[in-house]
Each structure stands twice: as structure tokens, then as C-alpha cells.
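A.B. asks: Dropping the sequence and predicted coords here.
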Amino acid sequence: MRKRVVIAGGGTGGHLYPGIALARALMRHDMDIEISFVGTQKGIEAKVLPREGFNLKTILSAGLIGKKKISRWVSWFKLPIGTAQSMCFLIRKRPGLVVGVGGYVSGPLVLSAWILRIPILIHEQNSIPGMTNKWLGKIADKIAVSFKESSASFPKNKVEVTGNMIREEFCQPKEASSKPDGPFRILVLGGSQGAHSINMAMLEALQSISDKKGELHITHQTGEADFELVSKQYKASGFSSDIRPFIDDMGDQYRQASLVICRAGATTLAEVTACGKMSILVPFPHAAHNHQEKNARVLEAANAGELVLDEELSGPRIANSIIQAMEDPERLETMEENSYKLGNRDATEKVRLLCMELLEETYKKSGRTKKMQGNYVLSCF
């Protein structure tokens with residue numbers, strides 16, 4: 001019997017890419033596994049997954065946190081529709097496992113899987129679990145968490161501390177990640193959608209590091225909104241640079257980087273530490289429960305990165321950190337070593353093994369899929 005796994009999550013790269021990492025790992029070890037994703041048409045998954053070669057089923061779903069009045073009512077209205085769509089999809093697909101990797105789109109699908117008695121695994125990336133995963137943890141069979149601190153939010157008998165899932169290209173030995181000869185390379189990231197405050201601070205910083213122009217190369221992921229403005233400013237500045245709205249070859253960019261300037265989403269930090277890079281961390285100030293700052297403080301406490309709060313962010317502040325990293329190679333090397341020690345390069349494999357345990361239990365139960373198909377009759381759309 002062909003094994004089928006459905007993965008739900010998206011909206012941002014932080015939720016989507018762990019799911020892609022898991023999908024690749026599952027398929028790499030068992031070519032008979034069929035992977036499908038569930039997401040929304042507006043999320044990053046609608047662009048990325050077809051390019052990655054995965055099937056995507058889109059449903060109606062929207063977040064509730066931070067929504068007010070009409071927007072909140074619209075989100076509530078989408079919930080039963082998304083659940084019905086998920087039910088129909090699962091009945092047709094008949095998977096042996098449903099995996100939720102975070103984000104509001106996980107809610108309808110995981111709930112539907114519970115109703116249909118399909119085994120469930122959820123993965124929590126952040127040190128403080130989101131509202132959706134906290135609720136789904138009550139009905140999931142297994143819960144994989146990235147931070148030990150988040151275990152307390154879930155039933156003890158279900159939780160496994162695995163670390164955050166990252167793609168294979170970030171899990172090379174440290175020797176393979178050595179920086180090439182040449183200029184000091186800065187990698188600037190604002191998440192999959194960019195970060196306006198980081199973009200503007202970097203443009204301002206160029207003035208303060210102009211005397212280092214010949215020693216630097218900057219790769220900057222701007223997001224779509226600021227791409228034209230940032231590109232124009234870099235071109236006018238005369239810096240060696242590679243400006244893109246979105247970076248596809250992220251593994252190569254991390255390996256070449258001498259310093260990473262980024263937000264503090266859990267997936268970004270998992271990639272930074274897996275590659276053993278020093279980072280200047282600027283947490284997104286409006287993240288739910290301020291979890292990005294708490295994520296960043298883990299690296300700060302380990303002397304693996306610098307924390308710069310968004311309200312303290314400025315061109316001179318970023319420029320000072322860049323100059324210090326360039327002029328103090330011993331400090332840079334120490335922080336790189338500390339970062340590498342924090343990396344969980346086997347996290348994806350740990351979650352894959354949990355998935356395989358649940359799948360094996362599922363397919364040992366003879367006739368389960370026939371029973372599921374016969375017990376639920378819906379007019380699916």
C-alpha cells in the first residue's frame with residue numbers, strides 16, 4: 001500500500017520550509033511515500049511549492065490573532081469552510097499521517113484529521129507556541145518542539161524535543177561551510193517578505209561604512225515591496241552587492257556569508273546556527289507573544305549573536321556591528337563556533353523517525369482506510 005502524508009502549514013517561509021525539509025527527508029528514505037501540502041492561495045506556499053515540485057491543495061483559512069471587527073468575523077467565517085474543504089480532501093487522499101507545521105492553515109486540516117481518526121503530528125518552531133498549535137496539541141498524537149522551553153505548553157507524554165527542521169543544504173559539516181577568500185560578505189535577510197526597518201537601516205548604514213566599500217560584498221533579500229528602492233540605493237552607493245526580492249539559493253548564501261543580519265524567526269535561527277554563522281538579530285516587534293525576541297535571547301546568552309531591538313535599530317548601530325565584526329576576527333570566530341554548537345542539524349531526521357513510527361502503526365491496522373472511506377459520505381468540492 002502506498003504511504004501518503006499530508007503536510008499543512010505556510011503563510012510565511014518560517015512555517016513552510018520546515019515542512020519542505022520534512023517532505024524531502026521522507027521521500028529520500030522511502031520513494032513510495034506520496035507527499036501533499038495544504039495551504040492557502042495567498043501564502044508563500046502558492047509560489048514556492050510548485051517550484052519545488054510538490055502538490056498543493058488550497059483551502060480558505062485566515063488568522064485570528066491581531067484581527068479586529070470585520071476582519072475577525074471574516075476569519076471565523078472561513079474556518080468551517082476550510083474545515084469542510086480539508087475533510088473532503090482527506091477522504092479522497094486517504095493519508096496515513098497528517099503533519100501540521102504551524103500557521104493558521106494547520107487548524108482546519110488537523111481538526112479534520114482528528115475527526116477522521118487519522119494520526120497527527122504537529123511541529124512547533126518557536127520557544128513560545130502559537131495559539132493554533134497549543135490547541136492542536138490536545139488532539140495530536142505526537143508533538144515535536146524546537147525549544148525545550150515550549151514543552152511545558154503540551155501534554156508531557158506526547159512531546160519530543162527535536163529542534164527545528166531545516167533543509168539538507170544547511171546541514172553540511174563546518175569544514176564544508178568555510179568562507180571563500182575575498183571580501184567580507186554580509187547576508188541581509190528580512191524573512192520571506194522582507195523587513196522594511198532592516199532595509200532602511202542597511203541603506204543608512206552604507207554611509208557609515210563607505211570607507212570599507214572595497215572590502216565588502218552585500219547580499220540583501222528585500223522582499224517585493226522595497227526591492228526597487230533598495231536596488232536603486234545600492235547601485236548609487238557603488239557597493240559590491242546582490243539585491244534580490246527573494247533568495248532561492250539560501251544554502252549557498254549562508255555558506256559564503258561572514259555575517260548575517262536578520263529577523264529572529266525560529267527557522268531563520270535554525271539555519272543560522274546549523275551553518276555556524278554570527279548574526280545580528282533584529283526581532284520582529286509585532287510577533288505573537290514577542291516570541292522572536294525570546295528566540296534571539298537564546299543566541300545572545302550563548303554569545304552566538306547580537307540582539308538589536310527594532311526600536312533601537314539605526315544605520316549607525318548596524319554599521320558599528322559590521323565594522324566590529326570585520327576588525328575583530330577572533331571575536332567573530334568565537335561567535336561562529338558558539339553558533340555552530342547551538343545548531344540542531346539532525347532535527348529533520350528526528351521528526352522523520354517520529355513520522356515513520358506513526359505511519360507504521362497506521363498501516364498495521366488492516367482495513368483502516370476502507371473503514372474511513374465507508375464511514376464518511378460527503379459531497380466534496
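C.D. replies: Noted; the coordinates are in hand.
A.B. asks: distance of Leu216 from Val260?
C.D. replies: Distance, Leu216 to Val260, using CB to CB, to the nearest Å: 14 Å. Heads up, the C-betas are built off the backbone N, CA and C, glycines and all.
A.B. asks: any low-confidence regions in the stretch 151-300 of the chain?
C.D. replies: 174-180, 192-194 (pLDDT under 70).
A.B. asks: re the thing from before, look at Leu216 and Val260 and report which has more neighbours.
C.D. replies: Using other CB atoms under 10 Å, the more surrounded residue of Leu216 and Val260 is Val260, with 25 against 20.
A.B. asks: Give me the residues contacting stretch 268-276.
C.D. replies: 14, 125, 146, 163-166, 170-172, 174, 177, 189, 191, 250, 254-255, 257, 260, 262, 279, 281, 295-296, 298-299, 304-305, 336-337, 339-340, 342-345, 347 (CB atoms under 8 Å, 6 or more residues apart in numbering).
A.B. asks: quick one, domains of the protein?
C.D. replies: Following the assignment in automatic domain parsing, the chain carries domains at 4-166+345-375, 170-342.
A.B. asks: measure the shortest one end to end?
C.D. replies: End-to-end distance of domain 170-342 (CA to CA, to the nearest Å): 14 Å.
A.B. asks: Would you mind checking the contacts of stretch 268-276 for buried ones?
C.D. replies: 14, 125, 146, 163-166, 170-172, 177, 189, 191, 250, 254-255, 257, 260, 262, 279, 281, 295-296, 298-299, 304-305, 336, 339-340, 342-345, 347 (16 or more other CB atoms under 10 Å).
A.B. asks: Just the residues you listed: which are in strands?
C.D. replies: The members of the buried ones among the contacts of stretch 268-276 that map onto strands under DSSP state E are 260, 262, 279, 281, 305.
A.B. asks: roughly how far apart are the second one and Met250?
C.D. replies: The spacing between Cys262 and Met250, counted by CB to CB, is 11 Å.
A.B. asks: likewise the first one?
C.D. replies: In this view, Val260 and Met250 are 11 Å apart by CB to CB.
A.B. asks: Same check on Ala84?
C.D. replies: Distance of Ala84 to Met250, given as CB to CB: 36 Å.
A.B. asks: do the same with Ser151
C.D. replies: According to CB to CB, Ser151 stands 29 Å off from Met250.
A.B. asks: Same question for Ile318.
C.D. replies: 21 Å.
A.B. asks: Verify the stated contact: Pro119 with Leu358.
C.D. replies: Yes - using CB atoms under 8 Å, Pro119 is in contact with Leu358, at 4.4 Å.
A.B. asks: Check the contact lists of these two and give me the overlap.
C.D. replies: Shared contacts of Pro119 and Leu358, counting by CB under 8 Å, 6+ apart, come down to 96-97, 141.
A.B. asks: Closest one of those residues to Pro285?
C.D. replies: The shortest gap between Pro285 and any of the shared contacts of Pro119 and Leu358 belongs to Asp141, at 35.4 Å (CB to CB).
A.B. asks: all helices for the stretch 151-300 of the chain, in order.
C.D. replies: 196-208, 227-237, 250-256, 266-275, 291-301 (DSSP state H, counting those that start in this stretch).
A.B. asks: Pull the contacting residues for Gln172.
C.D. replies: Counted by CB under 8 Å, 6+ apart, Gln172 has contacts 255, 275.
A.B. asks: Please state the backbone phi and psi of it?
C.D. replies: Backbone torsions for Gln172, taken as degrees, to the nearest 10, come to phi -70, psi 150.
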